[in-house]
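> Give me a 3D structure for the following:
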Amino acid sequence: MKVGVIGCGGIAPYHIQAYQSLKNVKVVALCDLNPEKAKNLAAKFEIEKTFRDYWDMFEKEDLDLVDICTPVSTHARIVCDTAKAVPAIFVEKPMALNVSECDEMIKEVKKHGSKLCVGHNQIFSPHIQRAKSMVDSGAFNLFSFRTTLKASFEKLKEYNLVSPWNVSPKQRGIIWEVCCHHAYLQLYFLPDIKEVYAVGSKVKYPVYDDFAVLLRTTGERFGMIEISWVSRETEVVYELRDSTGRRVQIHWESDYMLEKSEDPPFTVGGVARNFFVDEKRLLQKWARFGIGYFRGRKLLPLFNLISSYIESIKRDLPPPVSPEDGRNTVNLLECIEKSLDKQRPVAMNH
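So this is what the prediction gives:
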């Protein structure tokens with residue numbers, strides 16, 4: 001299978017590594033408006049061809065799949081163009097700037113018979129899959145799902161983990177760049193969300209950078225999202241709570257999953273017991289982080305998604321993350337932004 005990549009920014013190397021880890025899959029060409037950026041990335045991964053214009057790449061290379069790693073504002077146009085020339089497309093999350101663009105992309109893909117997968121890769125984490133299996137099997141009677149992200153945009157930028165356009169209103173800012181992960185996860189566990197209520201502020205940047213969201217469903221379950229890019233600490237935690245008070249936490253950055261069930265430390269024995277439990281968990285947490293760091297753990301969800309998509313192409317099956325899934329996520333993001341702007345709850349129509 002011959003793959004072409006459009007966009008040679010920060011996320012592209014991770015995609016290329018995933019493809020190069022698969023048998024019978026080869027990245028044969030890169031495309032970027034900045035020719036030097038494309039050539040430098042091509043040299044790093046020993047890729048032969050580079051292009052400035054993707055139409056030129058489509059014409060000269062017989063591609064089976066195109067991977068789009070460009071800013072979200074370009075997704076709709078590039079996907080619609082690519083659908084005319086290539087049978088399969090993988091586009092980075094989020095799918096588009098708004099639901100209208102998603103609808104146009106779905107229309108064009110269906111019109112030309114192309115297959116489209118959206119890069120919401122976090123559901124392919126083994127911990128997320130394990131938690132979902134627990135819920136689906138009835139072993140964990142999910143009552144609420146809370147996702148939290150705290151980080152410093154300035155620190156992330158210092159280590160080249162983000163770009164200035166991530167806080168640009170043109171790209172829809174932090175809601176689209178970061179909250180898209182949380183929105184998709186919430187829909188994965190709570191597909192029947194009916195109302196969104198968000199509160200927050202533009203503390204440091206021209207976009208909402210510190211906000212919280214409450215999600216009501218048609219049943220008793222509910223979801224919560226907390227996002228801050230103005231925090232001095234870094235924390236990414238997903239917590240599931242069941243109707244009996246059990247809590248399962250997934251610590252994303254350290255690739256760690258645990259169940260919180262200690263008794264309150266109201267006695268000396270309770271304090272001692274909880275202390276040793278916490279110390280053991282701390283050791284396990286950093287051990288997992290170290291193993292993941294050297295083994296490239298952060299690539300695993302992306303690799304699992306891309307390999308699943310490649311398999312779906314070979315077997316002519318639906319993509320693992322469909323364009324309709326991507327559209328639903330953008331719909332939720334729009335509801336969150338609208339609720340923040342209007343300062344009131346917003347009904348979510350599926």
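
> Contacts only, for Asn349.
Under the criterion of C-beta atoms under 8 Å, 6 or more residues apart in numbering, the neighbours of Asn349 are Asn331. C-beta: built from backbone N, CA, C; applies to glycine.

> Distance of it relative to Lys338?
Taking C-beta to C-beta, to the nearest Å as the measure, Asn349 falls 12 Å from Lys338.

> now do Lys49
43 Å.

> count of neighbours near Trp55?
Neighbourhood size, Trp55 [other C-beta atoms under 10 Å]: 13.

> How about Ala12?
Other residues close to Ala12 by other C-beta under 10 Å number 24.

> Phi, psi for the residue nearest to it when sequence neighbours are not counted please.
Closest residue to Ala12 in three dimensions, ignoring its sequence neighbours and counting by C-beta to C-beta, 6 or more residues apart in numbering: Cys69, at 4.4 Å. Per-residue torsions, Cys69: phi -120, psi 40 (degrees, to the nearest 10).

> ok, Cys69 - contacts?
Residues near Cys69 by C-beta under 8 Å, 6+ apart: 5-9, 11-12, 15, 92.

> any idea how far it lies from Val330?
On the measure of C-beta to C-beta, Cys69 and Val330 end up 18 Å apart.

> residue boundaries of the strands in the chain?
Assigned by DSSP state E, the chain shows strands spanning 2-6, 26-31, 49-51, 65-68, 88-92, 115-119, 142-152, 193-201, 210-217, 222-228, 230-242, 247-251, 256-260, 346-347.

> Let me have those in CSV, adding distance to Tyr19 as columns.
Converted to CSV, those look like this (distance: least, C-beta to C-beta, whole Å):
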stretch, distance to Tyr19
strand 2-6, 5
strand 26-31, 5
strand 49-51, 15
strand 65-68, 8
strand 88-92, 10
strand 115-119, 13
strand 142-152, 28
strand 193-201, 34
strand 210-217, 34
strand 222-228, 31
strand 230-242, 26
strand 247-251, 27
strand 256-260, 28
strand 346-347, 39
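
> Serialize those strands to TSV and add fields for mean neighbour count, mean pLDDT and distance to Arg172.
Formatted as TSV, those follow (neighbours: other C-beta atoms under 10 Å; pLDDT from 0 to 100; distance: least, C-beta to C-beta, whole Å):
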stretch	mean neighbour count	mean pLDDT	distance to Arg172
strand 2-6	24	98	20
strand 26-31	23	98	24
strand 49-51	18	97	28
strand 65-68	26	98	17
strand 88-92	25	98	14
strand 115-119	26	98	16
strand 142-152	20	96	17
strand 193-201	18	98	14
strand 210-217	20	98	13
strand 222-228	21	98	13
strand 230-242	16	92	18
strand 247-251	19	92	26
strand 256-260	15	75	31
strand 346-347	14	98	16
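
> For Ser163, find the nearest of those strands.
Among the strands of the chain, strand 88-92 comes nearest to Ser163, with 12.7 Å by C-beta to C-beta.
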